[in-house]
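# Sequence unavailable; structure follows:
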């Protein structure tokens, strides 16, 4: 799995910057307006990315707890 979902593009800005600072490649795109309005693709997708998602308020498909 290499995508992270966000409620809005504004919610993703800090994570995109943090990932870029650590050398990850990212691509932000529109998603499904109801389920995940914004989709962030990250390469490589590893444990560090998963840790950062929890801090920056996105969610990974299959997460049982979604951010507020």
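Great, that's in hand. As the structure is a prediction and not an experimental result, all values here were calculated from the model.
# switch to C-alpha atoms for all contacts and neighbour counts from now on
OK.
# List the buried residues in the longest helix that the chain contains.
Taking DSSP state H as the criterion, the chain has its longest helix at helix 9-21. Neighbour-count burial for helix 9-21 flags 9, 12, 15-16, 19 (criterion: 16 or more other CA atoms under 10 Å).
# just stretch 32-49 next, same as before
Neighbour counts over stretch 32-49 (16+ other CA under 10 Å) mark 36, 38-42, 49 as buried.
# quick one: contacts of it?
Residues from elsewhere that reach stretch 32-49, judged by CA atoms under 8 Å, 6 or more residues apart in numbering: 1-9, 12, 19, 24-31.
# which helices and strands does the longest helix of the chain pack with?
If contacts are counted by 3 or more CA pairs under 8 Å, 6 or more residues apart in numbering; DSSP states H and E, helix 9-21 sits against strand 25-32, helix 47-56.
# Tell me what angle the first one forms with helix 9-21.
Read it as strand 25-32. 160 degrees (axes from the mean of the first three to the mean of the last three CA atoms, to 10 degrees).
# tell me the average confidence for strand 25-32?
Strand 25-32 carries an average pLDDT of 91.
# quick one: buried residues of it?
26, 28, 31.
# Turn the helices and strands packed on helix 9-21 into CSV, columns for distance to residue 62.
CSV is the format used below for the helices and strands packed on helix 9-21 (distance: least, CA to CA, whole Å):
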stretch, distance to residue 62
strand 25-32, 15
helix 47-56, 12
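# Nearest to residue 63, out of those?
Across the helices and strands packed on helix 9-21, residue 63 has its closest neighbour in helix 47-56 (10.4 Å, CA to CA).
# Name the residues of that closest one that are buried.
Buried residues in helix 47-56 (16+ other CA under 10 Å): 49, 53, 56.
# Does residue 59 touch residue 8 like I think?
No: taking CA atoms under 8 Å as the definition, residue 59 is not a contact partner of residue 8, at 11.9 Å.
# Name the residue in these two with the higher neighbour count.
residue 59 (21 against 16; other CA atoms under 10 Å).
# Within the helices and strands, which one has the closest residue to the more buried one other than its chain neighbours?
Leaving aside its sequence neighbours, residue 59 sits nearest to residue 5 (CA to CA, 6 or more residues apart in numbering; 5.2 Å). Using DSSP states H and E, residue 5 sits within strand 3-6.
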